[in-house]
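Asks: here is a sequence with its predicted model. Questions after.
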Amino acid sequence: RNRLSMSFMDRAQETKSLVAAKLFRIMAEKRTNLCLSMDTTNSMELLELASKVGAHICLLKIHIDIIKDFSKDFITNLVALAKEYNFLILEDRKFADIGHVVKLQYSQGVHEISSWADLVTVHPIPGPGIISGLKAALEELSQQDRGCFIVVEMSSQGNLNSADYKTAAVKLAMTHSDFVVGIVCQSSSLVPDPGLIQLTPGVKLDKGSDTLGQQYNSPEHVVLNGADVAVVGRGITEAQDIIGTVKEFQTRLWEAYEKRISP
Ligand code: S5P
């Protein structure tokens with residue numbers, strides 16, 4: 001069946017990943033396919049915003065390496081909010097090294113990402129070893145409910161993701177669909193399997209761009225182009241009325257999804 005016309009609840013049956021099934025169910029229950037990207041450098045600011053918008057998002061995406069005042073307490077509080085408001089945490093680390101090194105980057109260092117992030121992002125450029133490296137880190141933790149998104153196609157102008165690269169990257173995702181929950185891309189044709197989740201960044205209320213190469217499309221445009229979960233960052237965090245804007249994104253994205261699956 002074509003994933004674009006299937007409901008998230010039905011697609012939860014199609015995945016081999018526990019955490020993908022969990023995300024599909026959260027979306028269906030909370031009626032939201034909005035992922036908020038909080039690219040702030042201050043941990044208190046992040047926690048405050050997360051508690052304000054937690055009820056309206058399915059996924060919170062962060063960049064832990066930009067936080068200036070990182071602490072274990074911050075992680076404890078963040079995980080507590082995720083539990084309270086029922087959203088998952090995506091650490092947008094974009095791993096890109098050999099298996100041996102990503103195993104360490106994922107589980108060690110000050111951040112110990114694998115101990116708290118439900119999901120991470122991965123550039124598939126090193127080949128299958130990068131997936132094996134991440135999985136190896138989890139074996140030592142005996143963690144089962146973890147997964148990754150593979151970055152297949154970037155939103156930025158002039159990205160180097162060639163057609164051959166994208167085809168090979170999707171194949172890698174399909175081969176490892178017990179751990180790979182989905183694909184970061186802009187186009188629906190890249191995600192053939194209803195069990196895989198299309199995560200699409202580069203979303204604002206209107207089409208446009210920033211001064212550093214980012215390109216934006218509207219909520220309706222990205223959902224029609226296959227986005228299951230839409231990533232919105234500055235379109236929300238820089239808005240005057242943050243809660244009002246979060247609600248507007250939630251409504252517009254969900255209505256576009258309902259329209260997409262309606263016969
Ligand atoms: O292709 C991509 C992939 C990602 S994960 N393009 C992106 O912009 N991202 C991330 O989405 C990026 O790292 C940033 O955190 C977010 C977009 O933020 P915004 O403020 O432009 O909406």
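Replies: Perfect, thanks for sending it.
Asks: need the contact list for the closest residue to the ligand within the stretch 101-250 of the chain.
Replies: Closest residue of the stretch 101-250 of the chain to the ligand, Cβ to the nearest ligand atom: Gly233 (2.5 Å). In this view, the C-beta of every residue, glycine as well, is placed from N, C-alpha and C. Gly233 makes contacts with 36-39, 201, as judged by Cβ atoms under 8 Å, 6 or more residues apart in numbering.
Asks: residue contacts, Gly235?
Replies: For Gly235, the contacting residues are 203-205, 216, 245, 249, by Cβ under 8 Å, 6+ apart.
Asks: now the residues you listed in JSON lines, with distance to the ligand?
Replies: Below are the contacts of Gly235 laid out as JSON lines (distance: Cβ to the nearest ligand atom, whole Å):
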{"residue": "Val203", "distance to the ligand": "6"}
{"residue": "Lys204", "distance to the ligand": "7"}
{"residue": "Leu205", "distance to the ligand": "11"}
{"residue": "Tyr216", "distance to the ligand": "7"}
{"residue": "Thr245", "distance to the ligand": "12"}
{"residue": "Phe249", "distance to the ligand": "11"}
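Asks: what kind of secondary structure is Glu91 in?
Replies: Here Glu91 is recorded as strand under DSSP: H, G, I helix; E, B strand; the rest coil.
Asks: tally up the residues packed near the residue lying closest to it once chain neighbours are set aside, please.
Replies: Leaving aside its sequence neighbours, Glu91 sits nearest to Ala117 (Cβ to Cβ, 6 or more residues apart in numbering; 3.8 Å). Per other Cβ atoms under 10 Å, the neighbour tally for Ala117 reads 25.
Asks: Ala117 reaches Ala82, doesn't it?
Replies: No. Ala117 sits out of contact with Ala82 when judged by Cβ atoms under 8 Å, with a separation of 10.1 Å.
Asks: quickly list what's touching both of these two.
Replies: With Cβ under 8 Å, 6+ apart as the test, Ala117 and Ala82 both reach Ile89.
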